[in-house]
Each structure stands twice: as structure tokens, then as C-alpha cells.
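Colleague: With the input below, show me the fold.
(chains A and B)
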Amino acid sequence: MATTLDPNDRAIVNYDEPPVKPPPMLAVGPLAWVRENLFKSTFDTVLTIVSAVVLVSAVIGLLQWSIGSANWFVVTGNLRLFLAGTFPADALWRLEWALRIAVFLGGFTLLAYVRVGPALVVLIGVMLLLLFAVPVVTDATIPPVTTYLAVGSTPIVSGTVTEIPQDELAFVAKAGETVRVQIANLGGSDDALSHAAGFTDRASAALINAVNNRLQTQQEMLNLQEQLDHGLLTDAQRADFRGEVSTTDVPPALTETYSVNTTSVQVTLINGTTGETLDSATLTADSAPLTVTLPDDGWYVLQKTIDGDGTALLETTGIYPLHVRNLTRDGVQIEQYERMIDGFNTEAPRAAIDGSTVPIIQVTDNQYQGLRSFGDYLRMFVAPFFRDLGMPFLQLVIAGVLGYYAAFGLARVLPAVPGAPRNLGLRVRGAVTWLWLLYLIALFLLAYGVQGLSALGVGLLLSRFVWVGWMYFTGMNLDRVWGRPLLGLVTILGVAQSVIAEGLLDKLSRDPASAIGAILGVVIWLAIGLYAARMGRGARGGWTDSLRLRAVIGSAVVWLILFIVPPLLIQSTTQNVLPLTDTRRWGGFLLTALLTIVAILASFPLGVLLALGRRSSLPVVKWTCIVYIELVRGVPLITVLFMAQLLVPLVNPSLAEVDNVIRAMIGLTLFSAAYLAENVRGGLQSIPGGQEEAGKALGLSSWQVTLHITLPQALRAVIPALVGQAIALFKDTSLVSLVGLIDLLGESNTVIAQPEYIGLRSETYVFIGVIYFVVSYLMAWISRRIEASGSGAARRV
Amino acid sequence: MTGTRIGNRPQKSFFQNIFALVSDLRFIQILGQIIFLILVVIAVTSLVSSITGALASRNLTPSFTFLENRAGFAIAGADGYSPNDSYWAAFNVGLRNTLIVVVGGLIGATVLGIIAGVFLLSGNWLIRTITRFFVEILRNTPLLLQIFAWYFIAILALPQLNDALTLPNPGLVALPLRWFVYLIVGVFVWRSLRNLRIEQRERRAYLAPLLVGIAAAIEIGFAFFYKTSGRNLFGVGLSGGGLQLLYVTASILVLIALFLTTSRQLRAIVGGLILGLLIGALLFFFALAPDAALTVELHSFIYLSNRGLVYPEIHTTARFAEWFLFVVIGVTVAVALYFYLGRLTEQTGNPHPRGRYALASIVLFALIGWFVVAAEPLPSAVPVEQDGAITYVPLEDARNQGLLTPSDELQYSEQPVIVALPERAGLRFRTGTLLDQRYIALLLALVIYTAAFIAEIVRAGILAVPRGQLEASRALGLKNGQTLYMVILPQALRVIIPPLGNQYLNLAKNSSLALAIAYSDIYAVMYTVINQSGQAVTGILIIMISYLIISLIIAGGMNWINGRFQLVTR
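Modeller: Reported below is the predicted structural model:
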């Protein structure tokens, strides 16, 4: 039944949208987050409150300690020891370059794997800004650290210590610095004196200590009295407290005993080198301070005498404690005086007046007194530390940026990866692993040195590597008209270069028998070059014509530069550029890093072999591997290290001369290999059996199946586990400090043993803890990135 | 084309036969293995012979007989060992020390690790973040550094023995009676609110804030305006400014929390709180809040100093066996009850709190046993040695005159167990058991370091349980505890146990770092032994075998547990 609808007959529904109310305040926004995450239930609330109170008090305590009382000079003054141990100073440039290259490669890797967001750029920018701005701002706005000096002839007694203020005081200063001397305006009462914060000489330290002791005793007695009056006490406690109150007497106010700052003081500033008086003044409590701008670097002497019997406390800036080092240079004993606050040092002999040396404020007999203010904290530690770090950090940032753009440029010229033509990182990813592997070897060589490597040799060696690349690119162009002649030319050039490098002609003319090695070298290099050319011919696929041409020309230019420039630049071409370093002088972070790197690299092939052996069908091989792996995994690392130290010389007397460092490396390698084998075995087990069967069905031998099919997949699958093991090994290298090596942890213990830094364990351990943490965390982060980037998974084509 | 000659077996020459043999894969494998074995044997024997040769040239032929020799070095804190004992005795001391560290470490690390693992998954952002922070720091710094830090920075910085930290502070403590009133009222209100329906509860939303307000106002009054209030809070030693600060912080946080948690009844809450504060202030002002207090005398039972931790000695007396019999009976009854009730639940479906009943039976039997045993009469007179002659003296007199030796005390005590509180005598403790400071540092470091790893394992294990399981158990109406105990844990443990075993092995091996702080474990003792006797090879062998055995025991135990928790499949 078809009915027509009358438009006027339609029921009219008056539908008003209900007004949209805003969600309740506690349902969205930050308040909702807080409620959901912090105060969800009663128990949650209690937990939040308790942990917030604990957290706040812990953070406050830590900050107070770090700013107010920690002595960070142990870190800022020993930075080189912590980083490189006693590595020879004239070879430090190698480590610097190693670091720069590492950061360069880091920048390179960054392009390959990570999309650099603005966050990283901003972070680095802020760090740079802080490093350069903080010292400047601090110098401009915060007054210099105060030093308190006592004047007078009355001995000051503090506990068992008695100190007489000295009339003269020598100090070191830079040209243009200002010295200010005035009467301290806190001599009024004991209470004010106890709040003094600054460097002190012995006598003023004794005075402040005595004041603090007195105030403390006074407070204790007040507390006891309060207890006796109001507290709940047992009879025994009451008697105890009574006895204590009656036997202890609080000395009278020390400001009055020593009549501090009641009379005027004569001060004279003398140039310690020439003996001429720069300025002098009579200071009273309300006179203007004596201010002198110093003419040049060197020693100065402050003479101070008091009119009358009392004691005065001077408040000075520009006079800082010194740290005396006894050095032996070229067989001569030298005393070096280093200013604690900024490391400014002099080797000029100490200032003398009337033939006797003037006393100085030494770091050993003096510390900062009182609770440090934040300004002093910035002045003493942060600004100098940042000033030291600023330039090296800038260099590293530049190296990193260069590395990033080098990768960028390389990626632009390399052919696009099929499937992801716009992904630049993917194009250079293949090079990253090889570059790092090469770098690790180069790092070891840089640190250890190479025997008989002259500047000429470096040029020749590097240019040979470039020559191999040149041959590769020439091989790519082999299909062109000029391809074959070019190949001939390059080959001849390479052979000529090899002949020169090996000194073949020279050797032939002297003794043909000794030239066999050289001939072999030439032949091997030639073979490598020809093989590279063959590989290049096979790989010319995705390269455009112009690209191939550019590659040939580019490598030719680099070859020429490397071949020609080093001998021109360095005059003494026969001098060794990388002399061997003494491994006993390796220390600190350098040793830790090298031990880790060497152990990881060396244990890798061994571990893979052990893993393959453990899965072998041959019972003898299998059981040998099982016994080795389980034996090593069952005993602590320290026994393995101990064995390496103790047993190596017993195995063969000729091995007794092997360095401790090398022994530790052997021990770590043997230990690490067993764990690595288990990781790799896990990876091998995760490969489905069908892969191996398919490989066999294709007619591959079992070695080919392992090398080309199962092992690559297995290794890719266990990258996270391997990084985890690298982190564990990095931490475990700290155990070598128990067998007499001075790694980062061992270095911290030697630093604490120095008389001027004795007992500063907390500061040292916090510092090296931060280093360990940052490096381990960085490795873990990289591992997570690799996992996330999908490189760990089997590659899909 | 050799394949064409099938069926016409050719006569092979001798050389062809040899060639066939040589190119046979099986032959190559066997030959290769033999050569490999020979190489391994040669390497090992030459190693051993060169080492023994080198040792023999120094008149140090490796043997185990040297273990009989006099050790001649002292070991700190070793009971029943003197330098005159043999090397073997010294080794036993080391073994004992290693074992107590490992056992203590395993228990501590497991407990702490599970707690931290649960914290890592907590819904509370603050707890989760703090735990994550600590776990990352602990996992990414070397254990040796942590041991040094614990020992040198934490333990050695504790006060000297003569002003050791005590728990609780000895002396009199006033417990204000009003606290008991709070407690009773609080429990009463909580229980009565719990039984109400939800809408009724919402109508009484003002009640809790009101009570909190009253209590807060009274406490603030006592803390700030009441001069002669008690000094010690629970004997912990909170006093003065810290206490007041705590009050203010706590009341502010409570206010915020109340505001955020039950916002629907915001008016009721704020109104209740303000009213409560007013009432409380008035009560305090008109001195209606009681200031009476219960005075309790506390004795310290824990002393913590840089020489270690001292805790009470616990002795079993002559009557212990009798009492223990009661406990055994209690446990037997408890076990029987537990299984019987479990069966009953299965059969009838009615829930029975079997765990509670079992616990109650143990406690009941232990208490009854204690009273029965303590009620037995003591001998009226006891033999006591006086001036070389043995005389009988009434027990009370003997005790008062101090004639009883410690063993006599145990013989004539009413109680089955005596707890002797630590008692200081000069620079040592007359009674009390001392935990060596090095032991504490090592144990702390090992426990906390390993717990960080276990926390990650526990977290991963719990995350491995599919979320559907949790939701299903909620849908079935299981409570949180039941869900955890019956659904999550059994499944998570399957994932947790294998890596947990690895961590246990690591802990056992890491205990060898005791050497760094001179705690005498196996390795440290044998290190001294090796240095003294020169028997390096034998010494290292003994160390390795000891650790291998410990590792084997742990691995075996974990394998057994693992087998019990695996899914049983057909």
C-alpha cells in the first residue's frame, strides 16, 4: 500500500541539544591526573604522603650536602687522574683525538639510526650556553670567596690545638686581580663568629672551632637542663644528667677572652718577588678596606700586625689556600704551588723576607670553614669546572656535528635503498658497524702505540687503505672506455706505493734474502686491491654514471693528499708518531674503557666458537665446550682474574714479563667468552630448524649454512643480550682494582689516599658513580634504540 | 658420470679404498675429534706440567696435605677458631662466613626484589618513579663501588660504640591517653561505616574529616602551645622543630588528599574538617582534651654503631624441649586443620578461613604450653660452688647474690626461652649478639644490588601475565589478594623463576667481593692462605670447587622449584 506522505502531517519533535557542560574539574586536566596517579585510594594517599616526605627530605639533605659541605676539589683537582690515570702528558693528545673521533662517529651513527629532533639540539645548546655563561655570570655577579685571617700575638686554644696568628702570609695571584683586606664585621659576638663561612688560616680556624665548640657545649647543657626540668627521666638518667651538668663548665664568650676586633690593625701588601711595598693601611672596624690591584703574576706577601694585645679577624678576598706539589722534572726537584680555587700555579720559589720563607695557607692544614653559601659554591666549584669543560665540550660538539653532516653528505651521494628512497639513514647504516669496529682497533692502537710508525709510515698506511677503496671504485668503471687503462694505472701506482712503503728496493740492494717479507707484503696488498676491484665491478648496480666517476676522482684526491701531505707537514719523517706507552701508566676511565673494549672484542670470536661447539654434534667438541663454559660460569670473576695474575707467570717464565693489564685482559676475555657463548647459543636456538634444512637442501655445506644463514640471524636476535653483557663487563672491570690495577675505582681509592684529599670518599664515589652510570645507561639506551629500530629482527627484503 | 655404473660394482684399487675412507664424512669427524681431543689433552697436560714444574722449582709441589699445617693468622669475629688451628679450620670459617652471607642475601634480595618489582608496577606515579630511579642507579653502577660506599660511607660513618644508635631510645616514654581514644574511636567508626550501604556512607561523608579535624587541632595544640609535653614519640627521638614541621606538612597533605580523593562530597568534607578543627581547638583551649599519659620504660634491644649491630641473645633453657613439644603438637593440629578445612571447602563450597584457624591453633598451643611449662615448680635449693666446695643455697638467694653461672641460669629458669637484652660494658657488650660491620655492609650491598635486578625480573614476569586473566578474575569477583595469589603469581612465577635462579647464582658468586672490605669469606681466607703457604694451584682449586658446589646447589634447587611451577601438559 503506497501512501503519500503529507509534509504537513509530520510529527514535529522539538529536540534541543542539551547544553554541553564542562567536565568536572577533577575529571580532566592535571588535577585529574594527580588524583588518578597519586591519590586513588586511601592506601595510595598514605603511600604518596610518606614517599613525598621522604623524597623531599632526601633531596634537601643531598643538596645541602652538595652545596654546603662537600669538598668537590677532590674531583675538579684530579680530573685528569680520573679520566686517564698517569698517562704520559705528551701523549694525551692521542686520547683527545680518540675522543673526538668517537664523537664524530657518534654523530655519524646518529644520522644512521636516530631522527635528531629539536630536543637534542636544544639540550646541547643549553649545555653549551650553561658551560660558557655560568663562569662569566658568576665572575660578574658573585663576590669572590672570603678568606679569614687572624692577627695578634695571643695563642688561640681550641681543644688540643694551640695556634699563634702569623704576622706574614704569602700568596699567589694573577696580574690584574684585586686584593681586598678589611676587619671582619662579625667579631661582635660568638654567635656571629660561628656563622663565618670562608677559607681560613690556621689561627682563625682554631678561633672559629673554639667558638663552635663553646656554643655546642652551651646548647648541650641547655638541652640537659631542659630535660632535667621538664623531661620524663628515670632516676639513673636524672643522676647521669645532673652529674654531667655539674662537671661541665661552659667557657666565657671567646670574643671577649681574646678581645676580638677591638683595636686597629696595620696591614702592608708587599710584592713577594721584588720586595717593594704596594700599599699599606691602618684598619679599624669601620674604616674603608685596603684595596690593591696587583701588577703581575707571582708571589705577594701580606704583613699584618695588631696595635695592642687583642686578636683581630681580617676578612680578605683574593688570598686563597695553596696546594704544594713536589715534582721531578728532568731529574730536578721542583715545588709547584697551585691555587686551590682555580688551579692557577707557579713554580717560582716561595716569597722570603729576611731570608726565611713566609708561611702560606696550605690545603692540608686548612679547609673551608662553616656552611658554604650557594654563591661560594658557584665560585669555588661550578664556574672553574665549567670553564675547564667549556672548550673541550665545544670541540666535541663540533666533531659530532661534522660527523652528522659527513654522514649526511655520504648518504646524499650513495644510491637510495630500494623500498625506502627517502630514508637517508638507511643508506649509511651498513658503514656504521664497520666504522666502529675500525675505530675500536684504532683506539687501542692510539692508546697503546705502534712500534716504528713514522709520519711517512702513517701517510703510506692510510693511503694504502684509500688505495683499496680507489681500486674498488675503479672496478665500478671498468665497463667504460678508459676503464681498463685506468685500472692498470691505479694498480701500478699502488704497487709503486707498496714498494716504497716496504722499502723493497733498499732491502733488495742490501740483502735479497730479507726482502721476502717485503715482497710478500707487496703481493698481499696487490691481491687485496685486485679483489676490491673485482668486488667493485660486481657492485656497480644502483650507482649512476656521474656518481661512479665522482667516487673515482674523490678517492684519487684523498689518496694523493694522504700520500703527499704528511711527509710535507712533519719535518722529522722518521720519528715515531705513536711511541708505545707503558701500560702501567694506564689508569682511570681509560683503563676501564680499554679493558671493556678489548675483552668484548676478543671474547666475541671465542664466544661464538664456543657456542657453535656446544651445539656441535661431535661429542668431544661439545663436551669440551660445555665443561669450559660451565666451569667459568660457576666461579666468580675475581678468581679468574686472580688466576690470570698468579698463574700466567707459572705457565711459562717468559710470560712473567707480560703486563698486569694484558693479564687482566686475558682473564676478562676468557671469562666473558663463556657468558657470550651462552647468549649466542640462545640466539642459535631461536632460529627455526627449517632454516638450516633449507640451506642444506640448497646444497650449502654446514659451514656455509652456519656462516651465511644461522649465525647472522642468531647474532641479530641477541644484540640486546650482548649489550647487556657489555654493560655487565663494563661494571665488572672494576674488579681489577682488587688485583692491583688502577682503573676508575682504583684511581678513586688512590686519590683519597693523597694527604690533601684524605677522607673525601663520598664526593669521589659520587663522581665515579655518575661516570659509571652515564656510560652504562647510554649503552642500555643505544641497545633499546637498536631493538626499536628493528635491526635486531630478521631483515625483510 | 659415475652414476651410470650403478649395479656394476667396480673393483676398487687399494688407493681408491683409502681415498673413499678418507673422504667419508664420518671418518673425518671421528679423526677430527680424536685430533681435537689429543690437542686439548696436550694443552692441559703441558699447562699442568709447566705449572707444577715451576712450582716444584720453588719447592712447592701442589698437594692438599698443607691444609693440616698451622694457619697462624687470626680471623676477626670467628668463634671457635684461633691462629693455632689448621688451614683447613680457617677454610671452614671462610666457608661458614660465605654461606651466611649467601643465605641472608638470597632471602633479603628476594623479599626486597619482590617489593620493588611490585612498586615498579604500582599505580602510584610517585612510588613507581622513585623505585625506577633507584633501580636504574643500582643496576648501572658496579657492585664493588656500592660495597665500598656502603662500608666506608654508610656503615663506618655510624656513631662510635659508646654513643651507638639505639632502638628504641632507652628511658621513659609518655604515651598520651588521647591517642588510645583516637584509636578506639577510629576503629569503631571505621567498622561501623564499613557495614553501611554506599549511599548511607555518602551521607556520613563528613564524619571522618570531622574526627580527623578534631584530632589534628588537639595535636597541633599540644605540639605548639603545650610546653611540658612528652619528649619522646615512641622512643624514636622525634622532637622540637622537626615534629612541628611534620605536623604542618602532614595536615596540609591530608587536606589536599581529602580534597582530591572523595570530591563528590566536597562540601561535607570541608565542612566536617573545619567543624572538626574548631571543636578540637575548643576542646584543647578549655583543657577538655586529656593530657594524661601512660608512662612506659623502654629498654634498647638494638644497638647500631660503626662496629656493627648488636641484638638480644636468645637462649633456650632446660624447659625448652617441653615447650617445644606443645608447639609441635600445635603445628600438627594446624596442618591437620588446614587440610581438613580445605577438603571441606572443596566438598561443600563454603569458604573456611583455614589459614587463620591454623595460625590460631599454633598460637594457642604455644601460649598454653608456655603457661604450663612456666608453672612447674623449681627446686628450692640449688647446688652452688662456693670457695671450691659445693653447697646448696636457696634459688632466690643464689640469684640475688649472683652465684649462678650462665649455664645454671638456663638450668633453673622458669621460662623456656630467655631473651637477654644487650648490655654495654665499657667498649664492648657483655650480652648481646654482634653482627660484624663488614658483614652488614656486604649483606646490604649484595641484597640491594641483587634486589634491583630481581625487581626487573618480577616486573617482567607480572607483565607477562595477559591482562585478560586479571580482568577475568575481577569478573569472577575475586578480591585483589585472591587475584594476586591465585591467578597472577602462579603464572608469573613460571616466567620469573629461571632468571631469578641466575640472579641467585650471581649473588653467590658476587659474595666473593667480600675481600674488598676484608670480610673473611672463602675467597678472602684462601687468599691469605695462598699468600702464606704459596700453594697457589691447590688454593685456587679449592676456591673454585667451593664456588662450583655452591652454584650447583643453588642451580639444582632452582631447577627443582622450576619443575614444580611449570605448566603440566599432556
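
Colleague: For chain A, what's its nearest residue on the stretch 301-450 of chain B.
Modeller: With CB to the nearest CB, the shortest gap between the stretch 301-450 of chain B and chain A falls at residue B:449, namely 10.1 Å. In short, each C-beta sits where N, CA and C put it, glycine included.

Colleague: how many neighbours does the closest residue to that residue other than its chain neighbours have?
Modeller: Of all residues not flanking residue B:449 in the chain, residue B:143 sits nearest, at 5.0 Å (CB to CB, 6 or more residues apart in numbering or on different chains). As a burial measure, residue B:143 scores 22 neighbours (other CB atoms under 10 Å in any protein chain shown).

Colleague: On the pLDDT front, check residue B:143 for me.
Modeller: For residue B:143, the pLDDT comes out at 96.

Colleague: Show the contacting residues for it.
Modeller: Residues in contact with residue B:143 (CB atoms under 8 Å, 6 or more residues apart in numbering or on different chains) are A:731, B:445, B:446, B:449, B:510, B:513.

Colleague: Which pLDDT value belongs to the first one?
Modeller: What the model reports as pLDDT for residue A:731 is 95.

Colleague: Could I get the CA-only coordinates of the helix or strand encompassing it as PDB?
Modeller: Taking DSSP states H and E as the definition, one finds residue A:731 inside helix A:719-732. Output in PDB follows, covering the C-alpha atoms of helix A:719-732 (Å, rounded to 0.1, in the frame of the first residue of the first chain):
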ATOM      1  CA  ILE A 719      72.000  -7.900  20.200                       C
ATOM      2  CA  PRO A 720      70.200  -6.700  23.400                       C
ATOM      3  CA  ALA A 721      71.600  -9.600  25.400                       C
ATOM      4  CA  LEU A 722      75.100  -8.800  24.100                       C
ATOM      5  CA  VAL A 723      74.800  -5.100  25.000                       C
ATOM      6  CA  GLY A 724      73.600  -6.200  28.400                       C
ATOM      7  CA  GLN A 725      76.700  -8.300  28.700                       C
ATOM      8  CA  ALA A 726      78.900  -5.400  27.600                       C
ATOM      9  CA  ILE A 727      77.300  -3.300  30.400                       C
ATOM     10  CA  ALA A 728      77.900  -6.100  32.900                       C
ATOM     11  CA  LEU A 729      81.500  -6.400  31.800                       C
ATOM     12  CA  PHE A 730      82.000  -2.600  31.900                       C
ATOM     13  CA  LYS A 731      80.900  -2.700  35.500                       C
ATOM     14  CA  ASP A 732      82.800  -5.900  36.300                       C
END
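
Colleague: I'd like to know which elements it is packed against.
Modeller: Contact partners of helix A:719-732 among helices and strands, from 3 or more CB pairs under 8 Å, 6 or more residues apart in numbering or on different chains; DSSP states H and E: helix A:588-614, helix A:660-686, helix A:761-789.

Colleague: In chain A, where's the longest helix?
Modeller: Selection of the longest helix in chain A by residue count, based on DSSP state H, yields helix A:383-413.

Colleague: just how off-centre is that helix within its chain?
Modeller: Helix A:383-413 has its C-alpha centroid displaced from the chain centroid by 16 Å (CA atoms, centre = their mean, to the nearest Å).

Colleague: Could you name the helices and strands sitting against the helix or strand hosting residue B:399?
Modeller: Using DSSP H and E, residue B:399 sits within helix B:395-400. Here helix B:395-400 touches strand B:381-386, going by 3+ CB pairs under 8 Å, 6+ apart.

Colleague: how about the strand it packs on: buried residues?
Modeller: For strand B:381-386, a neighbour-count test (16 or more other CB atoms under 10 Å in any protein chain shown) marks B:382, B:384 as buried.

Colleague: And for stretch A:685-694?
Modeller: A:687, A:692.

Colleague: quick one: it to chain centroid distance?
Modeller: 44 Å.

Colleague: could you check whether it is close to chain B?
Modeller: No. On the criterion CB under 8 Å from any CB of the partner chain, stretch A:685-694 is out of touch with chain B, staying 14.0 Å away.

Colleague: Which residues does that stretch contact?
Modeller: Applying CB under 8 Å, 6+ apart, the contact partners of stretch A:685-694 are A:705, A:709, A:710, A:713, A:714, A:717.

Colleague: Which of those residues has the largest number of neighbours?
Modeller: residue A:714 (23 neighbours).

Colleague: so what's that one closest to, chain neighbours aside?
Modeller: That would be residue A:683: by CB to CB, 6+ apart, it lies 3.4 Å from residue A:714.

Colleague: how deep is the one you found tucked in, by neighbour count?
Modeller: 21.

Colleague: wouldn't it be in contact with residue A:718 here?
Modeller: Yes. With contact defined as CB atoms under 8 Å, residue A:683 reaches residue A:718; the gap is 3.7 Å.

Colleague: Longest helix in chain B, by number of residues?
Modeller: Longest helix in chain B, counting residues (DSSP H): helix B:87-120.

Colleague: Skip ahead from that helix and say which helix or strand is next.
Modeller: helix B:125-139.

Colleague: Kindly spell out which helices and strands sit in contact with that next one.
Modeller: Against helix B:125-139 (3+ CB pairs under 8 Å, 6+ apart) you get helix A:29-38, helix A:42-63, helix A:761-789, helix B:87-120, helix B:437-464.

Colleague: Residue A:695 is nearest to which of those helices?
Modeller: helix A:761-789 (26.1 Å; CB to CB).

Colleague: How far off centre is that closest one?
Modeller: Worked out by CA atoms, centre = their mean, helix A:761-789 lies 10 Å from the chain centre.

Colleague: does any part of that helix sit near chain B?
Modeller: Yes. On the criterion CB under 8 Å from any CB, helix A:761-789 is in touch with chain B at A:761, A:762, A:765, A:768, A:769, A:772, A:773, A:776, A:777, A:780.

Colleague: Grab the nearest non-local neighbour of the second one.
Modeller: The reference is to residue A:762. Computed as CB to CB, 6+ apart, the closest residue to residue A:762 that is not its neighbour in sequence is residue B:153, at 5.3 Å.

Colleague: Just list the residues touching the one you found, thanks.
Modeller: Per CB under 8 Å, 6+ apart, neighbours of residue B:153: A:761, A:762, A:765.

Colleague: List the contacts of the residue positioned nearest the centre of chain B.
Modeller: Taking CA atoms, centre = their mean, the centroid of chain B lies closest to residue B:108, which sits 3.2 Å from it. Contact analysis of residue B:108 by CB under 8 Å, 6+ apart lists B:443, B:447, B:451.
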